[in-house]
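In: Curious how this folds, go ahead:
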Amino acid sequence: MANVNFESLAEATSGAVGALVSTAVLYPLDTCKTKYQAEVGSHGQKKYRKLSDVLFEAISKGQILSLYQGLGTKNLQSVIAQFVYFYGYSYFKRLYLVKSGFKSIGTTVNLIIAAFAGACTAIITQPLDTAASRMQTSAFGKSKGLWETLSNGSLSEVFDGLSISLVLTSNPAIQYTVFDQLKQRFIQRQQSKQSASGSAGSSPESLSAFSAFLLGAMSKSVATIITYPLIRCKVMIQASNHEDESIEPKPESNKTISGCLSSIWKEEGVPGLFKGLQAQILKTVLSSALLLMIKEKISRFTWITMLALRRYLLVSKKRVKNA
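Out: Numbers count the residues shown, from 1 in each chain. Next up, the predicted model:
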């Protein structure tokens, strides 16, 4: 295989491992956030007035472990999504540099590449994303398995929210573009300091765990605030077909972006467009920052492993030819 493929594979593997860890650690918060976002109450009639109400309900019903309902599906979706995204993002960046002859990628091109990688990811993982959302927003203790959740409805319902997911490719596009730009500036500043002091850093191409966490948090905050109304619409659309009594069935018109936004506007007004924003920022910022921190710390190990694997495959291939 060409080097570019192994480099992309290393990036994808690092991202997938980071996604697995961050998703598992923050899953109870994600479940509370998703159930809170999915509820729409008219004239102040709401089951959950605060995010903590979801947690208290689980505790009062003795269903604390139900905060993990759908974890397996969410982990599978997260790993596949991050692997596909990081592979596509890394591969297309390197392909662009090779074809164009440039040494770096501008912000505009970076956004386009990130959005394209995000669109591929959304299409591939949408059924798992929909199933995970329905499991999380099901009544505590009544969540179904992955296959039963996906088979309970038509094929089009399995892809509920795909159009809005495609629009939301702007979220990771913004996030990773901001992260990459901040990372480049940070490393350049570190290199300038090292040059001025005459000292050599241990690795000018990588970030410390704290720096990666901080830059990841900043980049995800920007992306989340910009796209939040669409994020809430996506949760509502995906959760519209299951049995939780706190979530009323939605008419077909509310499965579109315009219909969902209109429903929120009528029932809750402008504040409804940003209901759960704090919880979303807390969860996604922690998740993305943790993901990027883990990815940065294991990327070198992953790359060395990929090089060893490639060397092993080449040696094995030569032995077969000489046999």
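In: And the helices in the stretch 51-200 of the chain?
Out: Using DSSP state H, counting those that start in this stretch, the helices found in the stretch 51-200 of the chain span residues 51-60, 71-100, 107-137, 146-151, 155-158, 162-167, 170-197.
In: Of those helices, flag the one that's most buried.
Out: helix 107-137 (a mean of 21; mean count of other C-beta atoms under 10 Å). The way it works is simple: take the backbone N, C-alpha and C, and place the C-beta from them, glycine included.
In: before we move on, back to that, to residue 18, which of the helices of the stretch 51-200 of the chain lies closest?
Out: For residue 18, the closest of these is helix 71-100, at 6.9 Å, according to C-beta to C-beta.
In: any idea of the angle the closest one forms with helix 107-137?
Out: 170 degrees (axes from the mean of the first three to the mean of the last three C-alpha atoms, to 10 degrees).
In: Show me what helix 71-100 is packed against.
Out: Here helix 71-100 touches helix 3-38, helix 107-137, helix 146-151, going by 3 or more C-beta pairs under 8 Å, 6 or more residues apart in numbering; DSSP states H and E.
In: got those helices as JSON lines, with distance to residue 232 and mean pLDDT columns?
Out: As requested, the helices and strands packed on helix 71-100 are exported to JSON lines (distance: least, C-beta to C-beta, whole Å; pLDDT from 0 to 100):
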{"stretch": "helix 3-38", "distance to residue 232": "5", "mean pLDDT": "78"}
{"stretch": "helix 107-137", "distance to residue 232": "12", "mean pLDDT": "86"}
{"stretch": "helix 146-151", "distance to residue 232": "21", "mean pLDDT": "78"}
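In: Tell me which of the ones you listed sits nearest to residue 174.
Out: Using C-beta to C-beta, the helices and strands packed on helix 71-100 put helix 107-137 closest to residue 174, at 7.5 Å.
In: is it true that residue 288 touches residue 219?
Out: Yes. Residue 288 is within contact range of residue 219, at 7.4 Å (criterion: C-beta atoms under 8 Å).
In: overlap in contacts of these two?
Out: Listed contacts common to residue 288 and residue 219 are residue 175; contacts here mean C-beta atoms under 8 Å, 6 or more residues apart in numbering.
In: for the nearest residue to residue 71 once chain neighbours are set aside, what are its contacts?
Out: Nearest residue to residue 71 in three dimensions, chain neighbours excluded: residue 27, at 5.3 Å (C-beta to C-beta, 6 or more residues apart in numbering). Shown in contact with residue 27 (C-beta under 8 Å, 6+ apart): 67-68, 71, 74.
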